[in-house]
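> How does the following fold in three dimensions:
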Amino acid sequence: MPSPAKPFVVTLVAAVTFALGVAPAGAVETANATAAATTPTVALTTQALSTQAGTAPLAPISTVLADGESSTVSAVHGFDVDAAIAAATAELGTSRATGWGAAGECIVSAQRWIRAGGGSWTGGGDPVSNYVGALRLAPTEAQAGDVIQYEHLQFPTSWVSGVHTVLVTGVNDDGTYRIIESNNPTGSGYVQEDTSWVPAPPAGFQAVAWRF
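Sure thing, here's the model as predicted:
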């Protein structure tokens, strides 16, 4: 369980992430060395940025999301879902580099696939603001083309160890999902499919779905 970060550390992480576009949800082994050297309260792990210093926690998810951001299952996707899934499928069995903003990171890969279908995934900064413009859904409402994100319950806007992102490619009759993901195991940058996936967020995390 990560500790709360000092406000200036949170600000620094958000600033670095914004400057680099989409932040990683997997390994960040090659994150900015200068920033790491000058901010010892931020630890670079093989999973994500985790904070070590302690003050007040970040705002709960209910105060992070704008009014009306909750969605309905009737909302349609704003991109070609089949094209996005085809782009992800074409990468199965391949590996890419991991690290800060690298192509093998799970959220970077999901963004690439959604964009291949014409999706407007333009957010960035943290595991919540990355989904600006998308509809937030319960995992049980997820459909093919949606993204399922693990986010920390206490620190939803932090890149803490355990954050992960997958693309839903289908829903089975038994309620399990067909998904494609990258960088599992962490640091591999490996793209693989799971045809009977069940969300299993780590302790202290929850799974949420997003629809572009």
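
> CA atoms for contacts and neighbours, from now on please.
Noted.

> I'd say residue 92 and residue 189 touch.
No: in this structure, residue 92 is not within contact of residue 189 by Cα atoms under 8 Å, at 11.1 Å.

> The two: which has the busier surroundings?
Per other Cα atoms under 10 Å, whichever of residue 92 and residue 189 has more neighbours is residue 189, with 25 against 15.

> Just the pLDDT at that one, thanks.
pLDDT for residue 189: 98.

> That one and residue 212: what is the separation?
Distance of residue 189 to residue 212, given as Cα to Cα, to the nearest Å: 24 Å.

> Return the helix or strand in this protein with minimum mean pLDDT.
Using mean pLDDT, DSSP states H and E, strand 42-44 stands out as the lowest-scoring helix or strand of the chain, at a mean of 26.

> end-to-end on stretch 159-173?
For stretch 159-173, the end-to-end distance is 33 Å (Cα to Cα).

> let me redo that: stretch 135-142
11 Å.

> list the buried ones in it?
For stretch 135-142, the neighbour count (16 or more other Cα atoms under 10 Å) marks 135-137, 139, 141-142 as buried.

> ok, now stretch 110-130?
Across stretch 110-130, burial judged by 16+ other Cα under 10 Å covers 110-117, 119-121, 123-130.

> Ok, stretch 152-170 next?
Neighbour counts over stretch 152-170 (16+ other Cα under 10 Å) mark 152, 154-170 as buried.

> what's next to stretch 186-194, contact-wise?
26-27, 46-47, 91-99, 103-106, 177-184 (Cα atoms under 8 Å, 6 or more residues apart in numbering).

> can you dump the C-alpha coordinates of it into CSV?
Extracted C-alpha coordinates of stretch 186-194, given in CSV (Å, rounded to 0.1, in the frame of the first residue of the first chain):
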residue,chain,number,x,y,z
THR,A,186,5.7,-5.9,-15.8
GLY,A,187,8.7,-4.9,-17.8
SER,A,188,8.1,-7.4,-20.6
GLY,A,189,6.3,-5.0,-23.0
TYR,A,190,4.6,-8.2,-24.2
VAL,A,191,1.2,-8.1,-25.9
GLN,A,192,-1.1,-11.0,-25.1
GLU,A,193,-4.8,-12.1,-25.1
ASP,A,194,-6.9,-13.5,-22.3
